[in-house]
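**Student:** Take a look and give me a structure for this.
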Amino acid sequence: MFPQQNLPLAWQDPIVQELHALREQLVAKYQGDMHAYSEACVRHTKALGFTFKTLDSVKEALATP
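**Tutor:** A predicted model of the protein is given here:
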């Protein structure tokens, strides 16, 4: 964890500290490659059964009476 005295006041919350630590782990895991991270997120959420809407699918849904 981070030393409390050097953090902005908002970061002193343990939950905020945990989120920042998680972010650091993800940056290290994906070596700062946000595209690779994003692709991994999409794969993971699809594996959980989530579906993503595309702009085209939304346009089609709105165009259909």
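**Student:** ok, how many other residues are close to Leu26?
**Tutor:** Other residues near Leu26 number 14, with proximity taken as other Cβ atoms under 10 Å. For glycine as for every other residue, the C-beta is placed from the backbone atoms N, C-alpha and C.
**Student:** Identify the residue nearest it in space, chain neighbours excluded?
**Tutor:** Tyr37 (6.1 Å; Cβ to Cβ, 6 or more residues apart in numbering).
**Student:** contacts for the helix or strand where that neighbour lies?
**Tutor:** For Tyr37, the host element (DSSP states H and E) is helix 34-47. Residues from elsewhere that reach helix 34-47, judged by Cβ atoms under 8 Å, 6 or more residues apart in numbering: Leu26, Lys29, Tyr30, Phe52.
**Student:** between these, which is nearest Asn6?
**Tutor:** Among the contacts of helix 34-47, Leu26 lies closest to Asn6 (Cβ to Cβ), at 22.1 Å.
**Student:** Let me see the mean pLDDT of the helix ranked longest in the chain.
**Tutor:** When the chain is parsed with DSSP state H, its longest helix is helix 14-29. Mean per-residue pLDDT for helix 14-29: 90.
**Student:** Who are the packing partners of that helix?
**Tutor:** Here helix 14-29 touches no other helix or strand, going by 3 or more Cβ pairs under 8 Å, 6 or more residues apart in numbering; DSSP states H and E.
**Student:** go with 10 Å
**Tutor:** Here helix 14-29 touches helix 34-47, going by 3 or more Cβ pairs under 10 Å, 6 or more residues apart in numbering; DSSP states H and E.
**Student:** Okay, buried residues for the very next helix or strand once past the helix it packs on please.
**Tutor:** Reading on from helix 34-47 to the C-terminus, the next helix or strand found by DSSP H and E is helix 55-63. Residues of helix 55-63 classed as buried: none (neighbour count, 16 or more other Cβ atoms under 10 Å).
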